[in-house]
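Colleague: Give me a model of this one.
(chains A and B)
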Amino acid sequence: MGSRTLLTIAISVLSFVLQTAVAPNIAIAGITPNFMLLVVVVAALVDGPLRGTVVGFVLGLIFDLVSSGPVGPYALVFTLVGFVAGSLQKNMFAQSWVIPLTVFGLSTLLAEVAYGAILATLGVELAFWSSVLYRMIPSALYNTALALLVFPWITSALRNSTRSMNVKRRF
Amino acid sequence: MRIADKSDRNIAPQVLAALLVVSILITTAWFREGGSGPLHSVRAGASIVAAPISAAGRWVFTPVRSVGRFISNLNVDRSELETLRSQNVELRARVMQLEEVSLEAERLRDLVDLKDAMDLDSVGAKVISASTDNWSRTISLDKGATDGIEVGMPVVNAQGLLGQVIEVGPYASVVRLLTDDRSGVAAMIQSNRARGIVSGNVNDQVSLDFIGKEIEVVPGDVVITSGLGGVFPKGLIIGEVLRVDRGSSDIFRSIVLTLAADVRSTEEVLVITGAVVEEVEE
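Modeller: I've put the predicted structure just below:
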């Protein structure tokens, strides 16, 4: 098992602890930050769609197990987010902080919309526009604010990745 | 840090498709299997793992909020003054601890009074965590099946009704709060006995639905459980009418409630494990 894989596992475990121990205690107006989704997006942006997809599935399934909804929908949503964010990796430029933060915000929004759509498909009655206003958008904003904390790390990671890509191309 | 290999990018769509199918199968299995199916058992196991972590987080955050910080930077040369200040800090911290114990004792006394007053068979429990996601409004309790708790049991605190048990593990259980948009409780207005359904909304407001427009409702009217359906004992206080809106329906009023119980900060609860004794005897 490579050091990168071990690091990903360690960060995933940390995100689980933060999600269960810290997130409920720092909820604002019922909106809880999602540390596990942040890790999925970071893994996808740094390591690409394959790792993003796998990490998304595993963390999504764990998130399902510790939340109180049905088991399975978050696994599906996080898997999708991991793949989409990982596919953007090639086009990411770490010179600007706007792009990664936008990706974080949009990833949360995508996850929340997809989860709401799955619940609706499963027969759960939802007031869609109210959910957008009171849950999806606030959640995306909160996660984006949270992403500011990990932004220096991800910037450094992306810059290193870009540099190594340029070196590879030169040779 | 590395850029994903080309081969990784090529197989990623296939892995995505496989994992999406697995996710859909898991979701389908969750709904198909009974409450004692393998996935439900795995979740019960996960709750055993998560409960102490959640409880630790709550333990860390609650005292931090309530006690605050007493230690300040004392920059004094005289040793006697330093000692007195140090003692002062210790004593203030001790007073705050005693105050916390006193408040907890008071809350527990209220719960015991409620239990005696309503003659309910119940189990006391502590709240160990709240929802980890944005789509549910739940709390987790430190009591589970081994303490006699079952799915469907009502949960109250000294102020009023909080919600209903929706999941039970061996040593912990999950309660769906009244503010959850999937909650529903048969209720009535205390003064005129008009019956309706109390349910939560996406914006965390609680409403009383299906009250006809011909019935007069004013802010301040008390709303209690009606006992219909047999899940919640009759007479538990839910809250009071906050406002009566025009609403879009021609038949029913749109009524917004203020809950009697503070669902966000409650720390000790009673799970009603049995029916009201008088009703059982009848």
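Colleague: got any ranges where the chain has weak pLDDT?
Modeller: Since no chain was named, I'll use chain A. Chain A contains residues with pLDDT under 70 at A:1, A:89-96, A:151, A:154-171.
Colleague: I was thinking of chain B, sorry if that wasn't clear
Modeller: In chain B (pLDDT under 70), the answer is B:1-7, B:63-78, B:93, B:96-97, B:100, B:114-119, B:275-282.
Colleague: Look through it and tell me its longest helix.
Modeller: Scanning chain B for the helix with the most residues, using DSSP state H, yields helix B:79-118.
Colleague: Show me what that helix is packed up against.
Modeller: Here helix B:79-118 touches helix B:38-67, strand B:122-130, strand B:268-272, going by 3 or more Cβ pairs under 8 Å, 6 or more residues apart in numbering or on different chains; DSSP states H and E. (C-beta placed from N, C-alpha, C; glycine too.)
Colleague: for residue 57, what are its contacts?
Modeller: I'll assume chain A. A:75, A:78-79, A:82, B:19, B:22-23 (Cβ atoms under 8 Å, 6 or more residues apart in numbering or on different chains).
Colleague: looking at chain B here, not the other one
Modeller: A:20-22, A:24-25, B:129 are the contacts of residue B:57 under Cβ under 8 Å, 6+ apart.
Colleague: Swap in 7 Å and give it another go.
Modeller: For residue B:57, the contact set (Cβ atoms under 7 Å, 6 or more residues apart in numbering or on different chains) comprises A:20-22, A:25.
Colleague: Could you do residue B:215 as well?
Modeller: B:192, B:194.
Colleague: Single out the residue in the stretch 51-200 of chain B that lies closest to chain A.
Modeller: residue B:57 (2.8 Å; Cβ to the nearest Cβ).
Colleague: And for that residue, nearest residue in space, chain neighbours not counted?
Modeller: residue A:21 (2.8 Å; Cβ to Cβ, 6 or more residues apart in numbering or on different chains).
Colleague: isn't that neighbour right up against residue B:55?
Modeller: No - between residue A:21 and residue B:55 there is no contact under Cβ atoms under 7 Å: 8.6 Å.
Colleague: These two - which one has more neighbours?
Modeller: The neighbour comparison of residue A:21 against residue B:55 (other Cβ atoms under 10 Å in any protein chain shown) goes to residue A:21, with 22 against 19.
Colleague: Shouldn't the more buried one be within a strand?
Modeller: No - applying DSSP: H, G, I helix; E, B strand; the rest coil, one finds residue A:21 to be helix, outside a strand.
Colleague: OK, contacts around the spatially closest residue to residue B:143 that is not a sequence neighbour?
Modeller: In space, and not counting its chain neighbours, residue B:143 is closest to residue B:125: 4.1 Å by Cβ to Cβ, 6+ apart. Listed by Cβ under 7 Å, 6+ apart, the contact set of residue B:125 reads B:141-143, B:269, B:271.
Colleague: same deal with residue B:260?
Modeller: Listed by Cβ under 7 Å, 6+ apart, the contact partners of residue B:260 are B:159-160, B:237-239.
Colleague: Tell me which residues touch the residue most central in space within chain A, please.
Modeller: Centroid check for chain A by Cα atoms, centre = their mean gives residue A:37 as the closest residue, at 3.0 Å. Residues near residue A:37 by Cβ under 7 Å, 6+ apart: A:78, A:81, A:107-108, A:111, A:143.
Colleague: which of those has the most neighbours?
Modeller: residue A:78 (34 neighbours).
Colleague: what's the closest non-adjacent residue to that one?
Modeller: Per Cβ to Cβ, 6+ apart, closest to residue A:78 is residue A:60, 3.0 Å.
Colleague: Any chance of the backbone angles for that neighbour?
Modeller: phi -60, psi -40 (degrees, to the nearest 10).
Colleague: what about it, how many neighbours?
Modeller: Residue A:60 has 28 nearby residues by other Cβ under 10 Å.
Colleague: gap between it and residue B:262?
Modeller: Note on residue A:60: its distance to residue B:262, by Cβ to Cβ, to the nearest Å, is 32 Å.
Colleague: Which positions within the helix or strand where residue A:100 lies qualify as buried?
Modeller: Per DSSP states H and E, residue A:100 falls inside helix A:98-121. For helix A:98-121, burial by neighbour count (16 or more other Cβ atoms under 10 Å in any protein chain shown) applies to A:99-101, A:103-116, A:118-119.
Colleague: can you give me the strands for chain A?
Modeller: Taking DSSP state E, chain A contains no strands at all.
Colleague: For it, just list every one of the helices.
Modeller: A:3-17, A:35-47, A:49-66, A:73-88, A:98-121, A:128-131, A:137-170.
Colleague: and the closest residue to residue B:55 other than its chain neighbours, how many neighbours does it have?
Modeller: Nearest residue to residue B:55, sequence neighbours excluded (Cβ to Cβ, 6+ apart): residue B:128, at 4.2 Å. Number of residues near residue B:128 (other Cβ under 10 Å) recorded here: 23.
Colleague: same question, residue B:214
Modeller: 8.
Colleague: how close does it get to residue B:179?
Modeller: Counting by Cβ to Cβ, the gap from residue B:214 to residue B:179 is 29 Å.
Colleague: How about residue B:167?
Modeller: 17 Å.
Colleague: between the two, who's got more neighbours?
Modeller: The neighbour comparison of residue B:167 against residue B:179 (other Cβ under 10 Å) goes to residue B:179, with 23 against 19.
Colleague: Was I right to think the more buried one contacts residue B:137?
Modeller: Yes - the criterion here is Cβ under 7 Å, and residue B:179 meets it with residue B:137 at 4.5 Å.
Colleague: in stretch B:162-182, what's buried?
Modeller: B:162-169, B:171-182.
Colleague: ok, the residue nearest to residue A:78 touching residue A:77?
Modeller: Yes - with contact defined as Cβ under 7 Å, residue A:60 reaches residue A:77; the gap is 6.3 Å.
Colleague: In contact with residue B:197, which residues?
Modeller: B:184-187, B:209-210.
Colleague: Farthest pair within those residues?
Modeller: B:185 and B:210 (12.2 Å; Cβ to Cβ).
Colleague: any idea how far residue B:40 lies from residue B:166?
Modeller: Residue B:40 sits 12 Å away from residue B:166, going by Cβ to Cβ.
Colleague: repeat for residue A:29
Modeller: 23 Å.
Colleague: Measure how the helix holding residue A:100 sits relative to helix A:35-47, angle-wise.
Modeller: 130 degrees (axes from the mean of the first three to the mean of the last three Cα atoms, to 10 degrees).
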